[in-house]
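In: need a structure here:
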Amino acid sequence: MVVVVMIVVLIAFLAAYAVSRIKGGTEDGGTTATRLAKAVDALEAFAAGAQRLPCPADPAIDTTTTPADANEGLERIDPGNTARCAYPEGTLPWRTIGMKRDEALDAWGRKLSYRVYTGNNGSLTQPGGVSMVNCDTTETTPGGTTATAASLGGLCNGDANPYARSTTPAQFLDNKGLTLTDGTVAHNDVAYVIISHGATGLGGYTVSGARLDMPAGDERSNTRETGAFTIKAFSDVDVAATSGQHFDDLLAYRTLGDLVKRINLSGRDWPDTLPVATVDMSLAFNAATVAAAAGQSVSAGGTLGQNTLNFSGVRVTGQASGTGSELGFGDPSLPYEGIGAAGGGSNKVQSGANESVRVDLDAQYQKLGVTLADFGAYGFLYLERVQFDFYLNGTAVGSPVTAFACSFDGGLASFSITPTSLFDRVDVTPLPSFDFIGGNIGYTEFLVSEVKACPASSPDCRTTADDTFTSARCL
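Out: This next block holds a predicted model:
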């Protein structure tokens with residue numbers, strides 16, 4: 001009888017212990033779930049403002065030190081590649097996203113881990129990494145995503161000309177994200193994951209920055225930079241923590257598509273075709289207009305520190321061998337003002353440096369007027385040459401127009417051209433100068449002083465310098 005009573009008491013004790021353990025685990029899990037939810041809100045508020053996700057913090061920093069480490073709770077970006085993270089298996093950057101230190105700990109007092117996608121299809125930590133604002137939701141000629149300096153690409157085409165924005169949301173999202181299985185649902189488009197390593201804490205970091213022993217099974221995958229991550233039911237209490245079947249992790253995540261919607265950075269229906277102009281557009285590149293576009297004072301011979309300038313109705317870009325080149329203004333040896341490319345040893349657009357000036361327009365035009373400074377004949381019948389290439393919606397139209405100088409070097413030369421098609425862009429490119437003995441053997445350089453674009457209804461399309469005959473009329 002005594003033995004029976006003792007067995008009954010032992011069973012009751014074990015039952016009470018199990019209930020207490022379950023209750024305690026439930027309370028800790030609830031506290032941790034609340035902190036995960038708060039971390040999600042803070043992380044996404046940061047992403048909404050920055051248009052990117054932060055990198056993880058250094059997990060080995062001791063949060064108990066006094067004074068506190070200056071890098072505690074801050075995201076750590078790889079200094080050699082701003083699209084990568086210095087600690088990809090790090091912890092939640094609570095200070096960067098505006099949280100308190102204790103809010104970045106789970107109920108067991110350990111740091112919340114944090115993972116973010118930084119893969120080759122477009123790092124989400126690079127500038128604009130989670131923004132689809134420049135993506136076009138209705139696009140007849142999809143243009144893919146762009147690669148930018150110091151990034152892994154994968155951005156929407158953010159051309160300053162809204163009609164040229166041709167990346168679709170599907171192209172932006174394509175094959176971009178971490179892999180995670182939530183119960184029976186598998187995702188391969190997860191933007192970020194926040195992880196509590198549960199009651200055992202295996203694989204997690206203590207507040208002193210020490211990493212606990214690594215787990216096995218799915219919990220081990222939850223510690224890695226790219227997963228694959230797993231959310232599933234907790235294992236039974238009698239499964240050893242070191243077993244590959246043990247699981248007590250708590251995770252929070254968001255897919256990239258859902259994240260973009262929640263932070264209001266979705267794509268929109270950008271217009272696909274520029275309007276056809278009905279009035280002339282005229283722009284002289286003098287000190288006043290260039291200073292207004294550059295946001296700084298300018299003087300002859302100075303560089304502008306920018307590849308592209310936006311004027312009213314016009315965007316001008318310096319190019320060298322097909323890539324961006326810093327723009328320059330004027331030349332102190334000339335009495336005329338103008339804009340050029342600053343990469344070839346002067347501010348002039350030079351054939352020897354493979355330079356050109358691109359002019360993008362905010363409407364479609366039929367005619368073009370251009371005045372060039374310091375374009376003419378020099379030496380023994382060396383005639384400088386220029387080529388005009390026309391485009392519509394990014395596609396070349398008609399044949400390039402080549403023109404020769406018709407006056408002496410150092411002055412102004414003007415051209416009036418009617419290509420065979422409407423256009424919204426023109427490239428002005430110097431060609432090697434020509435002489436009648438040796439052919440194309442010399443050198444051409446000039447400044448673009450003035451441009452004018454006109455609709456078909458205009459009787460002619462000549463710049464102010466051309467109309468007042470201060471410039472030689474070459475074409």
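
In: alpha carbons only for contacts and neighbour counts from here, please
Out: OK.

In: Domain map for this structure?
Out: If the domains of the chain are taken from automatic domain parsing, they occupy 2-262, 281-473, with pieces of a single domain joined by a plus sign.

In: just so I know, which of the ones you listed lies nearest Thr273?
Out: domain 2-262 (5.9 Å; Cα to Cα).

In: For the residue lying closest to Glu225 once chain neighbours are set aside, the count of nearby residues, please.
Out: Leaving out its chain neighbours, the residue that sits closest to Glu225 by Cα to Cα, 6 or more residues apart in numbering is Glu89, at 5.1 Å. Here the count is done by other Cα atoms under 10 Å, and Glu89 has 20 residues near it.

In: Helix, strand or coil: sort out Glu89 for me.
Out: Secondary structure for Glu89, judged by DSSP: H, G, I helix; E, B strand; the rest coil, is coil.

In: on that earlier part again, let's have the domains of the chain in TSV, adding mean pLDDT and distance to Pro275.
Out: Below are those laid out as TSV (pLDDT from 0 to 100; distance: least, Cα to Cα, whole Å):
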stretch	mean pLDDT	distance to Pro275
domain 2-262	88	10
domain 281-473	92	5
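
In: May I see those domains organised as a markdown table, with distance to Trp270 added?
Out: Below are the domains of the chain laid out as a markdown table (distance: least, Cα to Cα, whole Å):
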| stretch | distance to Trp270 |
| --- | --- |
| domain 2-262 | 5 |
| domain 281-473 | 13 |
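
In: Ok, which of those domains comes nearest Asp272?
Out: Between those, domain 2-262 lies closest to Asp272; by Cα to Cα that is 4.9 Å.

In: mind listing what the residue nearest to Glu225 touches?
Out: Pro56, Pro59, Ser113, Tyr114, Arg115, Thr223, Arg224, Glu225 (Cα atoms under 8 Å, 6 or more residues apart in numbering).

In: switch the cut-off to 7 Å
Out: Shown here is Glu89, whose contacts under the criterion Cα atoms under 7 Å, 6 or more residues apart in numbering are Arg115, Arg224, Glu225.

In: Phi, psi for the nearest residue to the second one once chain neighbours are set aside please.
Out: Translated: Arg224. Taking Cα to Cα, 6+ apart as the measure, Arg224 lies nearest to Glu89, with 6.3 Å between them; neighbours along the chain are not counted. Its backbone dihedrals place Glu89 at phi -110, psi 40, with angles given as degrees, to the nearest 10.

In: now do Asp360
Out: On the backbone of Asp360 - angles per degrees, to the nearest 10 - the values are phi -100, psi 140.

In: Now it: closest residue in space, sequence neighbours ignored.
Out: Counting by Cα to Cα, 6+ apart, Arg425 is the residue found nearest to Asp360 once chain neighbours are left out, at 4.5 Å.
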